[in-house]
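Trainee: I'd like to go over a predicted model; first the sequence, then the structure.
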Amino acid sequence: MRMSIPRLLSLLAMFTTLVSPVSTAYAQNLPSSLRTTASDVERDNPRVLQIIETAEQHYKLGELNLKDKNMDAARTLFDKAVDSVLESGMDVRSNPKLQTYYLQLVERVYRMEVAMPSAPSQTGGQQVAQIVNVSTNATNDVAAVMQQPSFLREQKFEPSPLDELSRLELTPEEKQVTTEDVARLEEAKNAVDFGFNSNTLIQQFLNYYQGRGRATMETGMRRSGRYMTMARRIFREEGVPEDIAWLGQVESAWRPTAHSWAAASGLWQFIPGTGARYGLRQTAWLDERNSFEKATRASARYLKFLANRYRGNWELAIGAYNTGEGNIDRAISRAGVADFWRIYPYIAKETRNYVPNILATILIAKNPAKYGFHNIRPDAPLAYDVVNVPTATSLQLIASATGTSVDFIRSLNPELRRDTTPRGESYNLRVPPGRGKSFVAVLKRIPGERRETAKVISVSPGETFQSIAARTGATVAQLQMWNPGVDPTSGGPVVVMTGGVTRVNMVRPRGNVGSSLGFVRARSGETLAQLAQRHNVGVDDVARLNMLSPDAQLSANQEVKVPSKPAASGGAAAPQRRRR
């Protein structure tokens, strides 16, 4: 596992904003009996010093390996230094000394990383020195690197809902629970496929989601459709109750690129160390914490391990998934009993919210209408073909060869960290459904060493290599060399190299594009998925038609292509939408 520059930058940026207010705000939000006192800090000091000493040992060994020019070992040890703090079992933000040390450690590692040359490619390419003029200000450091060329940048991340959850305060109205509520809660839990103890806190989160949290719940229930079938299958295979798959809603709101303050990432929010522990590779090219299937399987296995640790108590297992088994073990020791509601005063606020939040989410998902959630249609499960791609292939080539966009290819392969598939190894690439065979056929025409610079364009029937050469800047001889046996007059895909391309699209007069396509306008703030739901069409179809990801934010009145509905049988034809 390697520490990436963007990961370090995200840690620096988030901690820069969190350092001053977090510990104060955290203490102020706790009941007075639970606030950190001077004696608490003093009591924790030996443990904090031990954590710092362990992290420093890893860091100093990393420095020695760096001096010996053993880059891989240095990166691994620097990573261990950071992860040893995150995995210590202590809440980093609740201890000022540990929080200050952690921020300084991340900055020191960052400074080492940016001056460290990248590893040579496995295909023998030249090293690329990642040199950045580092200032003493963390914000300037972030800005400096964002000005670097795109090959140094990773995929975009979205904030994790866990960060907001840690600050959530229920209102007095949401905390009101009647005896009837408790009785209904006791009855409702019988529909869940694992046992847990009822508690008024669960009802309080039910109240929250039925009120000001309704939009969050509705969005999660809709998005869950993309992954829930897969998650339930994998959880079932690993011996984990299927309903616990709703943990994905609280962890990430079903966003594979969700990223938290603690460098947790993906649908299931693995920190680097736990991800590596459960077989999720994190390299310069891939971060499998963001993978659909692999991260889901790792999550199920981790939950199974935790359930076994706590003798089948899923409340404790879920709590440990959030805060680490070390924190839960210490809370059990202080409470003297292995019961989540009894250890509640001895765990961090985020975890106190986390478990009842998930239980409330499961209850609503099991019976939406009972809690006032009507007519919510989950998104269709993700559909795709899988193609094994040898060595580095650009996402631009893949997008053009499959008739979609780079953003859409990224949405199907969120574990990719660069604009190409991994160099020096094969990769199982997801492409739009039904496009796998045609993509393989196109890929066979392109030599491996040209797959980072090639592009595929669509030509219309009747075009010739001469007309294609005129609008792309390539020569006829080059086009014939790149497309052996291809007759462009029949239409279809043609391979070109991007160096001299001037215009890849055939310009034709605007007119009717056929009865299967219509156009609608987006509302302000609407996503592509929401628009698809509003017009009762498949989100994947709309995403492919517009070369956008399902999560793409649309602007007000943005024109979007949608499949037209067929005419009603036995009656007049359905009204036609405006067409180009």
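Mentor: Thanks, I have the structure now.

Trainee: all contacts plus neighbour counts: C-alpha atoms, from now on.
Mentor: Noted.

Trainee: and the helix or strand containing R297, what does it pack against?
Mentor: Following DSSP states H and E, one finds R297 within helix 293-309. For helix 293-309, the elements it packs on are helix 228-237, helix 314-323, judged by 3 or more Cα pairs under 8 Å, 6 or more residues apart in numbering; DSSP states H and E.

Trainee: would JSON lines of those helices with distance to D487, mean pLDDT and mean neighbour count be doable?
Mentor: Compiled in JSON lines, these are given as follows (distance: least, Cα to Cα, whole Å; pLDDT from 0 to 100; neighbours: other Cα atoms under 10 Å):
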{"stretch": "helix 228-237", "distance to D487": "42", "mean pLDDT": "97", "mean neighbour count": "19"}
{"stretch": "helix 314-323", "distance to D487": "57", "mean pLDDT": "95", "mean neighbour count": "23"}
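
Trainee: quick one on the thing from earlier: I'd like the distance from the helix holding R297 to the chain centre, please.
Mentor: 18 Å (Cα atoms, centre = their mean, to the nearest Å).

Trainee: arrange the helices and strands packed on helix 293-309 in a markdown table, one row each, with distance to V537 as further columns.
Mentor: A markdown table is the format used below for those (distance: least, Cα to Cα, whole Å):
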| stretch | distance to V537 |
| --- | --- |
| helix 228-237 | 20 |
| helix 314-323 | 36 |
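
Trainee: out of those, which gets nearest to A81?
Mentor: helix 314-323 (18.9 Å; Cα to Cα).

Trainee: quick check: angle from that closest one to helix 293-309?
Mentor: 130 degrees (axes from the mean of the first three to the mean of the last three Cα atoms, to 10 degrees).

Trainee: dump helix 314-323 to CSV, keeping only the CA atoms.
Mentor: Provided in CSV are the C-alpha atoms of helix 314-323 (Å, rounded to 0.1, in the frame of the first residue of the first chain):
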residue,chain,number,x,y,z
TRP,A,314,-24.5,-7.2,15.9
GLU,A,315,-25.0,-3.9,17.8
LEU,A,316,-21.5,-4.1,19.2
ALA,A,317,-20.2,-5.3,15.8
ILE,A,318,-21.7,-2.4,14.0
GLY,A,319,-20.4,0.0,16.6
ALA,A,320,-16.9,-1.5,16.3
TYR,A,321,-17.1,-1.1,12.5
ASN,A,322,-17.4,2.6,13.1
THR,A,323,-15.0,3.2,15.9
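
Trainee: show residues contacting that helix.
Mentor: Helix 314-323 is contacted by residues 89, 194-196, 302-303, 306-307, 309-310, 326-328, 338-340, 348, 351, 354-355 when judged by Cα atoms under 8 Å, 6 or more residues apart in numbering.

Trainee: so among these, which ones count as buried?
Mentor: The neighbour count (16 or more other Cα atoms under 10 Å) marks 89, 194, 196, 302-303, 306-307, 310, 327-328, 338-340, 348, 351, 354-355 as buried among those.

Trainee: re earlier: so which of the helices and strands packed on helix 293-309 gets nearest I364?
Mentor: helix 228-237 (15.1 Å).

Trainee: neighbouring contacts of the closest one?
Mentor: P241, E242, D243, A245, E293, T296, R297, A300, P381.

Trainee: can I get those in TSV with pLDDT and neighbour count?
Mentor: Shown next, in TSV, are the contacts of helix 228-237 (pLDDT from 0 to 100; neighbours: other Cα atoms under 10 Å):
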residue	pLDDT	neighbour count
P241	97	19
E242	97	21
D243	97	22
A245	97	26
E293	94	15
T296	97	25
R297	97	23
A300	97	25
P381	92	16
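
Trainee: show me the two of those residues that sit farthest apart.
Mentor: Going by Cα to Cα, the pair spanning these furthest: P241 and P381, at 20.3 Å.

Trainee: and stretch 440-456, what's buried?
Mentor: Judged by neighbour count (16+ other Cα under 10 Å), stretch 440-456 contains these buried residues: V442, L443, R445, I446, R451, E452, A454, K455, V456.

Trainee: against F373, how distant is N357?
Mentor: Counting by Cα to Cα, to the nearest Å, the gap from N357 to F373 is 17 Å.

Trainee: higher neighbour count, those two?
Mentor: Set N357 next to F373 and count neighbours by other Cα atoms under 10 Å: N357 wins out with 22 against 17.

Trainee: residues touching that one, list them.
Mentor: So N357 contacts I202, F205, V250 (Cα under 8 Å, 6+ apart).

Trainee: one step back: which residues touch the helix holding R297?
Mentor: 230-231, 234-235, 238-240, 266-268, 275, 278-280, 288-289, 313-314, 316-318, 320-321, 325.

Trainee: please enumerate the strands of the stretch 151-300 of the chain.
Mentor: 158-159, 258-259 (DSSP state E, counting those that start in this stretch).

Trainee: could you identify which of those has the lowest mean pLDDT?
Mentor: The minimum mean pLDDT among the strands of the stretch 151-300 of the chain belongs to strand 158-159 (a mean of 64).

Trainee: nearest residue to G279 other than its sequence neighbours?
Mentor: A298 (7.3 Å; Cα to Cα, 6 or more residues apart in numbering).

Trainee: and the gap between that neighbour and D83?
Mentor: Taken as Cα to Cα, the span from A298 to D83 is 18 Å.

Trainee: ok, E53 next?
Mentor: 13 Å.

Trainee: more neighbours, those two?
Mentor: D83 (18 against 13).

Trainee: low-confidence stretches in the protein?
Mentor: For the chain, applying pLDDT under 70 flags the ranges 1-44, 87, 89, 91, 93, 107, 110-160, 498-516, 547, 564-580.

Trainee: longest helix of it?
Mentor: helix 38-67 (DSSP state H).

Trainee: buried residues in that one?
Mentor: Buried, per 16+ other Cα under 10 Å, within helix 38-67: 48, 51-52, 54-56, 58-59, 61-63, 65-66.

Trainee: can you add distance to A470 and give those residues back as a markdown table?
Mentor: Formatted as a markdown table, these follow (distance: Cα to Cα, whole Å):
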| residue | distance to A470 |
| --- | --- |
| V48 | 69 |
| I51 | 66 |
| I52 | 65 |
| T54 | 64 |
| A55 | 61 |
| E56 | 62 |
| H58 | 59 |
| Y59 | 58 |
| L61 | 59 |
| G62 | 55 |
| E63 | 56 |
| N65 | 55 |
| L66 | 52 |
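
Trainee: and of the helices and strands packed on helix 293-309, who's closest to V109?
Mentor: Closest among the helices and strands packed on helix 293-309, using Cα to Cα: helix 314-323, at 24.4 Å.

Trainee: check which element follows the closest one along the chain.
Mentor: helix 325-335.

Trainee: angle of that following helix against helix 293-309?
Mentor: 20 degrees.

Trainee: roughly how far does the most centrally placed residue in the chain sit from R281?
Mentor: Residue closest to the mean C-alpha point of the chain, counted by Cα atoms, centre = their mean, is T257 at 1.8 Å. Distance of T257 to R281, given as Cα to Cα: 16 Å.

Trainee: and E288, how far from P414?
Mentor: From E288 to P414 the distance is 8 Å (Cα to Cα).

Trainee: next one: V240
Mentor: From V240 to P414 the distance is 25 Å (Cα to Cα).

Trainee: next one: R301
Mentor: 21 Å.

Trainee: what of N327?
Mentor: 31 Å.

Trainee: cool, L77 as well?
Mentor: On the measure of Cα to Cα, L77 and P414 end up 26 Å apart.

Trainee: still on that earlier bit, right, and the helices and strands packed on helix 293-309 - which one's nearest K97?
Mentor: Among these, the nearest to K97 by Cα to Cα is helix 314-323 (19.5 Å).

Trainee: gap between that closest one and the chain center?
Mentor: For helix 314-323, the distance to the chain centre is 21 Å (Cα atoms, centre = their mean).

Trainee: what of stretch 457-466?
Mentor: 39 Å.

Trainee: in it, what counts as buried?
Mentor: So for stretch 457-466, counting by 16+ other Cα under 10 Å, buried means I457, S458, V459, T464, F465.

Trainee: ditto for stretch 424-443
Mentor: Y427, L429, R430, V431, P432, R435, G436, F439, V442, L443.
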